[in-house]
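A.B. asks: Take this sequence and fold it.
(one chain, ligands or ions: 2)
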Amino acid sequence: MGPPGSGKGTISKRIAQNFGLQYLSCAEFLQDIGTANETEASVLVKSYIDKRMLVPDHVVTGLMLPRLEQLSGHSWLLEGYPRTLGQARALNELCQLDMVISLNIPYETLRERLSDKWIHPASGRVYNMTFNPPRVKGKDDITGEALVQSEDDKPEALMTRLRHYKDVAKPVLDLYKSQGILHAFSGTDTDRIWPYMNSILSAKLPAQQSESHLPPVA
Ligand SMILES: Nc1nc2c(ncn2[C@@H]2O[C@H](COP(=O)(O)OP(=O)(O)OP(=O)(O)O)[C@@H](O)[C@H]2O)c(=O)[nH]1
Ligand SMILES: Nc1ccn([C@@H]2O[C@H](COP(=O)(O)O)[C@@H](O)[C@H]2O)c(=O)n1
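C.D. replies: Ligands and ions are numbered 1, 2, ... in the order given. Below is the predicted model of the structure:
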């Protein structure tokens with residue numbers, strides 16, 4: 001968990017890779033559903049994503065929980081779900097989480113990072129002109145296609161997203177705190193937070209697993 005630009009995507013991928021966890025990003029999962037063949041669910045999901053609004057709890061939960069059930073037997077890392085207390089309660093019904101990570105990053109750092117964030121829309125690959133720049137300016141490393149900046153990452157949008165995050169995340173963080181599974185990390189640099197996170201995760205997780213790919217979406 002963390003506000004926009006806090007490095008959730010960057011750090012989740014690093015954790016998943018280092019500890020051999022199955023990684024599931026809710027935003028990417030919803031994006032895939034929204035662009036898949038037209039069904040009632042895909043049209044509904046797309047309508048929210050296009051407006052950059054949260055898909056209602058019952059819809060996102062109805063999609064995510066069956067996906068997680070397909071991963072039973074694997075250790076997984078979720079990013080972007082649960083976002084609301086309703087989603088957290090629904091997830092609790094399915095399983096007991098081992099650990100929840102929360103990123104506390106100062107506002108000025110979020111603003112700077114996001115103003116420098118570029119994405120390759122088709123793949124979701126994320127770049128930052130100082131932290132992890134593309135090999136060729138403005139082009140995706142793999143496809144060579146153009147990178148874009150999201151409207152969501154502009155300073156005006158950031159304030160709104162931040163306010164919304166604070167309101168919605170607080171009860172979720174409180175719940176996980178009361179369960180004793182919340183680990184918060186503060187700082188301005190992912191690479192400086194990482195060693196602390198790595199050491200806590202190493203103590204919690206069994207020997208590294210070797211799985212690297214998610215089973216396909218049914
Ligand atoms: N300068 C700098 N940029 C970073 C650091 N860590 C991550 N970034 C970049 O900051 C931007 C935001 O990181 P993300 O991992 O996309 O953050 P997020 O929390 O998933 O963001 P949202 O999808 O907006 O919620 C990206 O462009 C990253 O490449 C860091 O330590 N320093
Ligand atoms: N639990 C969630 C997570 C994401 N969404 C939708 O995805 C968009 C992008 O999410 P970010 O995590 O990158 O901010 C977001 O604007 C929502 O449309 C969702 O609905 N529910």
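A.B. asks: What strand or helix carries the residue of the chain most remote from its centre?
C.D. replies: Residue farthest from the centre of the chain, counting by C-alpha atoms, centre = their mean, is Val136 at 25.9 Å. Following DSSP states H and E, one finds Val136 outside all helices and strands.
A.B. asks: quick one, phi/psi of the residue nearest to it when sequence neighbours are not counted?
C.D. replies: Among residues not flanking Val136 along the chain, Gly144 sits closest, at 7.4 Å (C-beta to C-beta, 6 or more residues apart in numbering). Quick note: C-beta positions are derived from backbone N, CA and C, even for glycine. Gly144 adopts backbone torsions of phi 80, psi 0, taken as degrees, to the nearest 10.
A.B. asks: Gly144 - how many residues pack around it?
C.D. replies: Gly144 has 11 neighbours, counted by other C-beta atoms under 10 Å.
A.B. asks: now do Asn198
C.D. replies: Asn198: 14 neighbours (other C-beta under 10 Å).
A.B. asks: For the protein, give me the ranges with low pLDDT.
C.D. replies: 206-218 (pLDDT under 70).
A.B. asks: Show me the residue at the heart of it, geometrically.
C.D. replies: Closest-to-mean residue, the chain, C-alpha atoms, centre = their mean: Glu79 / 3.2 Å.
A.B. asks: That one is in contact with Phe29, isn't it?
C.D. replies: No. Between Glu79 and Phe29 there is no contact under C-beta atoms under 8 Å: 9.7 Å.
A.B. asks: With Pro121 as the reference, measure out to the residue farthest from the centre of the chain.
C.D. replies: Plainly put, Val136 is 17 Å away from Pro121 if you go by C-beta to C-beta, to the nearest Å.
A.B. asks: so what's Ser75 up against?
C.D. replies: Phe19, Gly20, Leu21, Gln22, Leu205, Gln209 (C-beta atoms under 8 Å, 6 or more residues apart in numbering).
A.B. asks: Quick check: the fifth one touching Phe19?
C.D. replies: Yes. Taking contact to mean C-beta under 8 Å, the distance of 5.2 Å between Leu205 and Phe19 places them in contact.
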